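Asks: Build me a model from this:
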Amino acid sequence: MNRHRPAATRRPPTRTDARAPGARPRPRAPHRRTTPHEVFAERLLSVLCGLRPVHHLIGHAVGEAYEQAVTLAPVAAYRTAHPVLRGCRGVPLRRGVVEACASVEIGPRVHALAFRLEQGEDHRWRCTALELAGSHGGAGGV
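Replies: Residues are numbered from 1 along each chain as shown. Below is the predicted model of the structure:
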């Protein structure tokens, strides 16, 4: 019971949370990436900006998508400044297949990432197609 605490620090009997009267609510945690396409976009961006090595994508990108990431990572424009993932949107095409696009802000420019994720028999999502484009309309590379 609250016998030993002064009345001003006890919560009202009808309140179910543990905050005392006048206490400020705790700040909310930043948005956590939870969908497979958001998680992959963060992972890909960390590789393209040089925070992680390319092998960070092993098991998350397969075939031509992985080879393209290996080719683009050392020369991508993302290495010149600290990129910020502004948004990521996925569209399910059918069960186990999602096409996604992400917008990445690098200084005054906005770049786009487009990729396809497919869910394997082991229920893991893997990138099977990847494309990078800048706001200038170019495609394929940065």
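Asks: Checking residue 52 next. Helix, strand or coil?
Replies: coil (DSSP: H, G, I helix; E, B strand; the rest coil).
Asks: wouldn't it be in contact with residue 46 here?
Replies: Yes: with contact defined as CB atoms under 8 Å, residue 52 counts as touching residue 46 (4.4 Å). Glycine gets a C-beta too; all of them are placed from N, C-alpha and C.
Asks: who does residue 58 bridge with?
Replies: residue 61 (DSSP bridges).
Asks: Is there a neighbour count for it? I'd like the number.
Replies: Using other CB atoms under 10 Å, residue 58 has 10 other residues around it.
Asks: Looking at it now. What's its pLDDT?
Replies: Looking at residue 58, its pLDDT reads 93.
Asks: Tell me the spacing between it and residue 65.
Replies: 12 Å (CB to CB, to the nearest Å).
Asks: mind listing the helices for the chain?
Replies: Under the criterion DSSP state H, helices of the chain are mapped to 36-48, 63-72.
Asks: Okay, buried residues for the first one please.
Replies: When burial is assessed from 16 or more other CB atoms under 10 Å, helix 36-48 yields the following buried residues: 36, 37, 38, 39, 40, 41, 43, 44, 45, 46, 47, 48.
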